[in-house]
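Below are the sequence and a predicted model; questions follow.
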Amino acid sequence: MLTYLLRRVFYTLPIILGVMLLTFFLFFMVSSPENVARKQLGKNPSPELIQNWLKTHGYDKAQFINLPFDPKYKPDQPWYESQFTNHMRATLLFQFGQSDVNGEDISQRLLEGAGPSALITLPAFIMTLLVTVSLSLVIALYRGSYLDWGGMFICVLLMSLPIMVYIIAGQWLLGLVLRYFPVFGFAEGGDSLRFVLLPVVIGVLVGLGSSVRFYRTVMLDEIGQDYTRTARAKGLSERVVLFKHVLKNALIPILTNVVADLPLLILGSLLLENFFGIPGLGNLTVFAITELDFSLLRALVFLGSLLYIVGLLLTDISYILVDPRVRLE
Amino acid sequence: MLDLVESALFINLATLTILLLFGWAVWSLSRQEFIQEAWRRLQQNTVAMVCLGVIGVYVAISLADSLVVPLKEGVAVRNYSLVDLLYKNVPQEEGYSAPFAKTTYKTLNAKPLKGFHPLGTNVLGEDVLRETLKASRTAIIVGGVTCLIAIPIGLTLGILAGFYGGWVDDTVQYTYSVVYSIPEILLFLALFLVLGQGLPQLCLALGVATWVNLCRQIRAETIKHRERDYVLAARALGVSDFQTLLRHILPNVMHIVVIICTLRFSALVLSESILSYIGIGVGAETSSWGFMINGARQELAREPSVWWVLVAATGALFGLVLAFNILGDAVRDALDPKLRTR
């Protein structure tokens, strides 16, 4: 058990390293810092201005190794002072430095944004899980009936609309016409409930279609197995068979599906937060995009990937808890 | 360079090349008995055939908007697509007008309209139907070209990894694990910031995120086929690795490509609209349903509310995505009965 855990953790290390390399490739090699500087400094900046900007943001160093063959070689600095080593060190130590746009401390911004994001995503996540699993169980119970057919049809309809249509319709109907919820804004503490409710409901609705369809397939797969027949042959009621036997075995694919949403728990939903004016990480991401803040987006990409990798790791570990047969090959 | 890209001949040739590529893909697939049988099964599914027809209409519209005719306009030569030609004589109005309306959408000083607009006009007085039609070209291009980018990468890497195993497999697996572990939306955003806006960049960014899924599935399927008797027989007869891959394994994994691409298409169209909506998708000069929805968002709160732009864009988007969702399921059921959703 422990060896399995250790090996599994050990396997993720190269992946994290790969993500770090990929972000370096994207943000330092594909897009040159000079271009970033030009975009940030507006129209036709002078060369001195660009050099200055590069220097304050640490882009003036050599790219990989500070040795004489590099065009940006700095004789007064040690050989390991380069953009690459800086990037690696910064991401490993979670020191993301300052924003390219307004010089704010990125780690601080991330910490501030995580709270409001979690306030939306955590309830949405739990509610989605409960609603989708129970709905798919009900649909699987009545498989082949009109309920099954109608439910699947509604799921496909729900899947075919982009998230912004849900948001616009929700804001218009519940916020403007019926005036149940405030349309925009956020408040700290107990007052936040008013602002959070509508985004949470929309968040649940958006993920409903595809999840219910997927879980239903999983449930039906399990219902076709021999152990279900045995359980029925023992004389157990359909309800006990479904909730005790089928649900337990369907947990593995459900867990895998759920983990895909884990990074969104912290990162929040871009559009939901942007629409409802919630100062979370999703809003921060939109800010990074619109303001071309490379260092902020870099931090967000790395953090998001790390969370996802940890999520995958946790799923694998939970597999062993759910199913004793699962072992690392 | 710019002259070449904007010349009518080049645009038409590029369109025809893409069309030919797809035609060739369909033709080479249709020669297989397995695919022919799946096609017969698909034909019995009336709903799926209706969806195929709906998609055909969208493709025809986007094709009509992709083929251009150069027309002289004073000194300059402007390219008119077939859709543009249709709307050449429909004049621009002065601001909003409701569908089928005779006057502009104002409570005071409503002016009579110069033309007929079945879906009304937008804030600039442009016909909404025309914009909706033009946006369907963007959606079809994003879905199609992204698949054209993702298929060669995913297919090649997946087949090689599955067939050879060993270090090739390790490398490919490692590469897609790394790309896969970056949350999709963040990968898009990062690629966007780096590549810049525009339709080709959008397709490239979406393609980079799409090939991973394809590669995983192809690899798994190839591993299944690698040990089958027919492959062993081919090898025993001294067929080279390349020939084995091309003649024996490739045709047997192609159905995975078809399934994934049809299932994926709707997600691509949705992604395009969402990204354009945030303002980082296609450039501002290209029409997109996402742009239309973004523009219409504030107008619902107006008194009286302007709803037709939103409804037109959402309806067109919904129709295409729904058709692809249903067709994707039907194609999967027809090609791979084991995966059938009962």
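Sure thing, it's come through. Numbers count the residues shown, from 1 in each chain, chains lettered A, B, ... in the order given.

Please, which helix or strand holds residue B:211?
In this assignment (DSSP states H and E), residue B:211 forms part of helix B:199-226.

That helix: how far from the chain's middle?
Centroid separation for helix B:199-226 versus its chain: 15 Å, with CA atoms, centre = their mean, to the nearest Å.

for stretch B:256-269, same thing?
Relative to its parent chain, stretch B:256-269 has a centroid offset of 9 Å by CA atoms, centre = their mean.

Next: stretch B:126-135.
With CA atoms, centre = their mean, you get 18 Å for stretch B:126-135.

Now the element after the helix holding residue B:211, going C-ward?
Counting by DSSP H and E, the next helix or strand C-terminal to helix B:199-226 is helix B:229-236.

Mind listing what's buried along that following helix?
Across helix B:229-236, burial judged by 16 or more other CB atoms under 10 Å in any protein chain shown covers B:231, B:234. Using the backbone N, CA and C atoms, a C-beta is placed for each residue, glycine as well.

May I see the buried residues of the helix or strand harbouring residue B:13?
Under the criterion of DSSP H and E, residue B:13 resides in helix B:8-30. By neighbour count on 16+ other CB under 10 Å, the buried set for helix B:8-30 is B:8, B:11, B:12, B:15, B:18, B:25, B:29.

which one is whichever residue of the stretch 151-300 of chain B sits closest to chain A nearest to, not counting chain neighbours?
Using CB to the nearest CB, the closest approach of the stretch 151-300 of chain B to chain A is made by residue B:178 at 3.4 Å. Closest residue in space to residue B:178, ignoring its immediate chain neighbours: residue A:18 at 3.4 Å, by CB to CB, 6 or more residues apart in numbering or on different chains.

Quick one: the strands in the chain, in order.
Going with chain A. Under the criterion DSSP state E, chain A contains no strands.

not quite, I wanted chain B
With DSSP E as the criterion, chain B has strands at B:68-73, B:76-81.

how about stretch A:106-120 against chain B, any contact?
No: judged by CB under 8 Å from any CB of the partner chain, stretch A:106-120 stays clear of chain B, getting no closer than 13.6 Å.

The helix holding residue B:211 - contacts with which helices or strands?
helix B:128-164, helix B:166-180, helix B:184-195, helix B:250-278 (3 or more CB pairs under 8 Å, 6 or more residues apart in numbering or on different chains; DSSP states H and E).

among those helices, which gets the worst mean confidence?
The minimum mean pLDDT among these belongs to helix B:184-195 (a mean of 79).

so does that helix get close to chain A?
Yes: judged by CB under 8 Å from any CB, helix B:184-195 comes into contact with chain A through B:185, B:186, B:187, B:189, B:190, B:191, B:192, B:193, B:194, B:195.

neighbours of the fifth one, just the number please.
Counted with other CB atoms under 10 Å in any protein chain shown, the burial measure for residue B:190 works out to 26 neighbours.

Quick check, it in contact with residue A:294.
No: applying CB atoms under 8 Å as the test, residue B:190 and residue A:294 come out as separate, 9.2 Å apart.

list the residues that contact both of those two?
Contact criterion CB atoms under 8 Å, 6 or more residues apart in numbering or on different chains; residues shared by residue B:190 and residue A:294: residue A:27.

And the contacts of stretch B:299-316?
Counting by CB under 8 Å, 6+ apart, residues outside stretch B:299-316 touching it are A:161, A:165, A:168, A:172, A:176, B:96, B:98-99, B:105, B:107, B:119-120, B:122-123, B:128-129, B:131-132, B:135-136, B:289, B:292-293, B:295-297.

Buried ones among those?
Among those, the ones that count as buried by 16+ other CB under 10 Å are A:161, A:165, A:168, A:172, B:96, B:98, B:105, B:119-120, B:122, B:128-129, B:131-132, B:135-136, B:289, B:292-293, B:295-297.

Read off the pLDDT value for the residue nearest to residue B:178.
88.

How about the contacts made by the residue of the stretch 101-250 of chain A found nearest chain B?
The minimum distance from the stretch 101-250 of chain A to chain B, using CB to the nearest CB, falls at residue A:160 (4.1 Å). Contacts of residue A:160 were listed using CB under 8 Å, 6+ apart, and they are B:266, B:318, B:321, B:322, B:325.
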